[in-house]
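>>> sequence and computational prediction follow.
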Amino acid sequence: MHPQYLTEKDSNFFFDISIHNIRNDVSPHGHSFLELHYVFEGQGIEKINGIEYEMKPGTFAVIFPYQIHEMHIKEGSKVLLYNLCLSAKTLFDQDEYGLIMNNLLFDIDLNARTIYDIDPSTSEKFYTLLSEMNAEYKEAKVWKNFMLKAKIIEFFILFDRYRRSLVTKASESLQTTMGNNTWSIIHYVYKNWNTNITLKSLSTLFYLSEPYISTIFKQCLGISFHTFLTDLRIQNACSLLSSSKMSITDIAYEVGYSSYSTFVRVFNSRKGVSPANYRQQIKGNRPEELIVIKEKNP
């Protein structure tokens, strides 16, 4: 069974926070947005890119776009956690907020650490900040988005300071170099997905071998470069099909395909329907193709 890929709700989405009451297993899935969760009650097991981790109070996970993860909850028990979803634009936009988030996130060594067991003192601060974010998110107050962004940055600064306290200066320097190298490539692909981008062109641009770049995508995101690029193109095609009157031919070229027939074939293989049928389904009020972020039990 192929993992499910969740997409952002709409083009204006940048942040979502909620408390998840998880009583059943969560099947393998990936998504186009950044997900973070903090466990404050219960125990379970989470797998991220095939690696198994324990979930318990104080566990904090950073799930980058397209990483595959799943959860297993013991029968009769539950896990309560704060779940945050941040738009991929948070990672790649070049405004002041985006650049700050880049600096806070992109030096994380994904191969070495994805889940953290936060110490009691920092854990208490995490919980307080997340509770404040959750309360702010539910209210319709003036300056709401600015307040949320300020709290998000405060949260990540707290996390970054904690993360840095766990490693020596030498190993941290190595991790930063590796992380920036890795995410520079992924960042470039994210910003240029609708151009004629290939492993060969990336190899020339970054002075790295094609097999090495291919390995970067597989190890850090859990999927191949080709899958990552294709998913970006098809997701943006879906947005254009549902929100614009562009012809399907124009959409094919707009999202980076030089061949209409190739676009239709790839779209059908990813979505299970042709682009024309997808557009009809959306206009017919059948939103099941647009997968909603939240997966929680009431």
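Received the coordinates, thanks.
>>> what about Val39, which helix or strand?
Element membership of Val39 [criterion: DSSP states H and E] is strand 34-42.
>>> and that strand, what does it pack against?
Here strand 34-42 touches strand 59-63, strand 79-86, helix 88-92, helix 120-138, going by 3 or more C-beta pairs under 8 Å, 6 or more residues apart in numbering; DSSP states H and E. C-beta: built from backbone N, CA, C; applies to glycine.
>>> mean neighbour count for those - can I get that in CSV?
Putting the helices and strands packed on strand 34-42 into CSV (neighbours: other C-beta atoms under 10 Å) gives the following:
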stretch, mean neighbour count
strand 59-63, 22
strand 79-86, 22
helix 88-92, 19
helix 120-138, 15
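>>> quick one: closest of these to Ile100.
helix 88-92 (9.8 Å; C-beta to C-beta).
>>> can you pull the contacts of the spatially closest residue to Lys47 that is not a sequence neighbour?
The shortest distance from Lys47 to any residue other than its chain neighbours is 5.0 Å, reached at Glu70 (C-beta to C-beta, 6 or more residues apart in numbering). For Glu70, the contact set (C-beta atoms under 8 Å, 6 or more residues apart in numbering) comprises 25-29, 46-47.
>>> let's go with 10 Å and repeat that
Each residue near Glu70 by C-beta atoms under 10 Å, 6 or more residues apart in numbering is listed here: 3, 25-29, 45-48, 50, 52.
>>> go on, Gly42?
The contact partners of Gly42, by C-beta under 10 Å, 6+ apart, come to 21-23, 55-57, 73-74, 77-81.
>>> repeat the analysis, applying 8 Å as the threshold.
22, 55-57, 73, 77-80.
>>> also Ala237?
251-252, 255, 263, 267, 275.
>>> that one and Phe267, how far apart?
From Ala237 over to Phe267 the distance is 6 Å, taken as C-beta to C-beta, to the nearest Å.
>>> ok, now Lys78?
For Lys78, the distance to Phe267 equals 39 Å [C-beta to C-beta].
>>> neighbour count for the two, which is higher?
In this comparison of Lys78 against Phe267, neighbours counted by other C-beta atoms under 10 Å, the higher total goes to Phe267 at 27 against 16.
>>> wasn't the more buried one part of a helix?
Yes. The assignment for Phe267 by DSSP: H, G, I helix; E, B strand; the rest coil puts it in a helix.
>>> can you pull the domain assignment for the protein?
According to the domain assignment given by automatic domain parsing, the chain is divided into the following structural domains: 4-170, 192-298.
>>> export those as a markdown table, with columns for mean pLDDT.
Conversion of the domains of the chain to a markdown table gives the following (pLDDT from 0 to 100):
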| stretch | mean pLDDT |
| --- | --- |
| domain 4-170 | 83 |
| domain 192-298 | 81 |
